[in-house]
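1. Kindly generate the corresponding structure for this input.
(one chain, ligands or ions: 1)
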Amino acid sequence: MPHIVYLGLGSNIGARHDMIEKAIELIAEQVGDIVLQSALYETEPWGFSSENLFINGAVACQTTLTPLEVLQKTQAIEKQLGRTHKTKNGEYEDRVIDIDILLYDDLHLHHSQLVIPHPHIAKRPFVYQPLCDILSKSTLERIIGQEIPYNKKEAQ
Ligand SMILES: Nc1nc2c(c(=O)[nH]1)N=C(CO)CN2
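-> Prediction:
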């Protein structure tokens, strides 16, 4: 039975658009067909300071993998694309590529390595803006059980 996994993508150093595109190609090969793809947005670093703006996007991917298998694949793809480590002292830092699992169908999962839905969707515009390109805000709010402070028309 196929599932739909929503992934968030971000890059703020190097060839940012190329990195995101390359990540999407590898996701299509290793996780499953991309069924929807958001616009790419240039965003201010959120939660830390850096002069390097991010490119953020999101995709919906049809997969037969389990959530933990998706995590293994996306972490392997991050490594393939040159990501060396996740964080330094638990603080955010510049990164060539970041792939986050945002949603997996309407599953709620609490695992030591993985929490789904991604716990910070509702407070991170760089996550919910692209996600709302490919999923209705009301569906997203129903799945996460929280309201999203977002108005697509005002955001143009
Ligand atoms: N704009 C933006 N800010 C961030 C991002 C990101 O992808 N985009 N990722 C972070 C850690 O995951 C921390 N801050």
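2. how about the residue nearest to residue 82 when sequence neighbours are not counted, what does it touch?
-> Nearest-residue entry for residue 82: residue 96, 5.1 Å, with adjacent residues in sequence omitted and distances by CB to CB, 6 or more residues apart in numbering. Any C-beta I mention is one placed from the backbone N, CA and C, and that applies to glycine too. Residues near residue 96 by CB atoms under 8 Å, 6 or more residues apart in numbering: 11, 13-14, 19, 81-83.
3. Run through the residues of the chain sitting next to the ligand.
-> Applying CB under 6 Å from any ligand atom, we find that the chain lies next to the ligand at 10, 43-47, 54, 56, 92, 98, 126.
4. And what about the residue nearest to residue 82, helix, strand or coil?
-> On the three-state scheme (DSSP: H, G, I helix; E, B strand; the rest coil), residue 96 is labelled coil.
5. separation between it and residue 55?
-> To residue 55, residue 96 is 11 Å away according to CB to CB, to the nearest Å.
6. Need the residues touching each of those two.
-> With CB under 8 Å, 6+ apart, residue 96 and residue 55 have common neighbours residue 11.
7. picking that back up, what two of the contacts of residue 96 are the furthest from one another?
-> Greatest spatial distance in these: 13 and 81, 11.7 Å, computed using CB to CB.
8. circling back to that earlier point, keep only those of the residues of the chain next to the ligand that are in strands.
-> Counting by DSSP state E, these place 10, 43, 54, 56, 98 in strands.
9. Turn the residues you listed into CSV, including neighbour count and pLDDT.
-> What follows is these, written out as CSV (neighbours: other CB atoms under 10 Å; pLDDT from 0 to 100):
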residue, neighbour count, pLDDT
10, 26, 97
43, 18, 97
54, 24, 97
56, 27, 98
98, 19, 96
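10. Check the residues you listed and tell me the two furthest apart.
-> Farthest apart among those - using CB to CB - are 43 and 98, which lie 12.3 Å from each other.
11. Can you tell me the closest non-neighbouring residue to the residue in the chain that the ligand sits nearest to?
-> Nearest residue of the chain to the ligand: residue 10, at 2.7 Å (CB to the nearest ligand atom). In space, and not counting its chain neighbours, residue 10 is closest to residue 98: 4.4 Å by CB to CB, 6+ apart.
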